[in-house]
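Enquirer: Sequence and predicted structure below; questions after.
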Amino acid sequence: MKTGTLALLAVALCFACQQSQDGPAPITDPQQLLGDWRLIQPASAFTTTLSVGVEQLSGGTVSGIYSLKFTGGAPVNTYITTAQLINSATGSIDVGAITTTKVAGSPAAMLFEQSYYTKLKAATRYELTNTQKLRLYSGSLASDVLIFEKQN
């Protein structure tokens, strides 16, 4: 009984190790963040975009921490914020307050937009699964992830 359990545990451990070696390592190079992105998840009928650039006020870096400027269009309004890269090796970020235009839209568009802003502001980590797909994590649930596709 013990031998069977140990063998099963060893096989499971080997399988987990093999999967992590075969899977692509996330890209955390901040230069790969720069550019224009389109939100693809959560899926929506509304177009939502994110443009990432180097924050000019800081000259690009502050004590080794990149300061990025996030701008974009949500379903109704446009927005701007900054994001500090706390640790590019782990993808840790700190998103600042979001400033938006104040145009009203349909209730569905406004609800989606507020949900997007909440998740964007709460983002604590980014991950590039490849150079064309960006994930911003704001929690541990699958619904707490914003997934973008590179546009340029």
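Expert: On my side now, so go ahead.

Enquirer: Any idea how many residues pack against residue 94?
Expert: Applying other C-beta atoms under 10 Å, we find 12 residues neighbouring residue 94. Heads up, the C-betas are built off the backbone N, CA and C, glycines and all.

Enquirer: List the beta-bridge partners for it.
Expert: Note on residue 94: beta-bridge partners by DSSP bridges are residue 84.

Enquirer: Assess the claim that it and residue 125 are in contact.
Expert: No - between residue 94 and residue 125 there is no contact under C-beta atoms under 8 Å: 10.2 Å.

Enquirer: show me what contacts the residue nearest to the spatial centre of the chain?
Expert: Per C-alpha atoms, centre = their mean, the C-alpha nearest to the average position across the chain is that of residue 136, at 1.5 Å. By C-beta atoms under 8 Å, 6 or more residues apart in numbering, the contact set of residue 136 is 93, 119-120, 123, 125-126, 145-146, 148.

Enquirer: And it, how far from residue 127?
Expert: Applying C-beta to C-beta, to the nearest Å, the value for residue 136 to residue 127 is 8 Å.

Enquirer: Lowest-scoring secondary structure element of this protein by mean pLDDT?
Expert: When each helix and strand of the chain is scored by mean pLDDT, DSSP states H and E, helix 2-22 comes last, with a mean of 41.

Enquirer: Whichever helix or strand comes after that one: which residues count as buried?
Expert: Following helix 2-22 in sequence order, the next helix or strand is strand 35-41 (DSSP states H and E). By neighbour count with 16 or more other C-beta atoms under 10 Å, strand 35-41 contains the buried residues 35, 37, 39.

Enquirer: what's the answer for stretch 86-104, then?
Expert: 88, 91, 93, 95, 98.

Enquirer: start to end distance for it?
Expert: 34 Å (C-alpha to C-alpha, to the nearest Å).

Enquirer: swap in stretch 98-113?
Expert: One end of stretch 98-113 to the other measures 12 Å (C-alpha to C-alpha).

Enquirer: Please give the centre-to-centre distance between that stretch and its chain.
Expert: Relative to the centre of its chain, stretch 98-113 is centred 21 Å away, using C-alpha atoms, centre = their mean, to the nearest Å.

Enquirer: same thing with stretch 124-139?
Expert: Stretch 124-139 has its C-alpha centroid displaced from the chain centroid by 4 Å (C-alpha atoms, centre = their mean).

Enquirer: Alright, that wraps it up for me.
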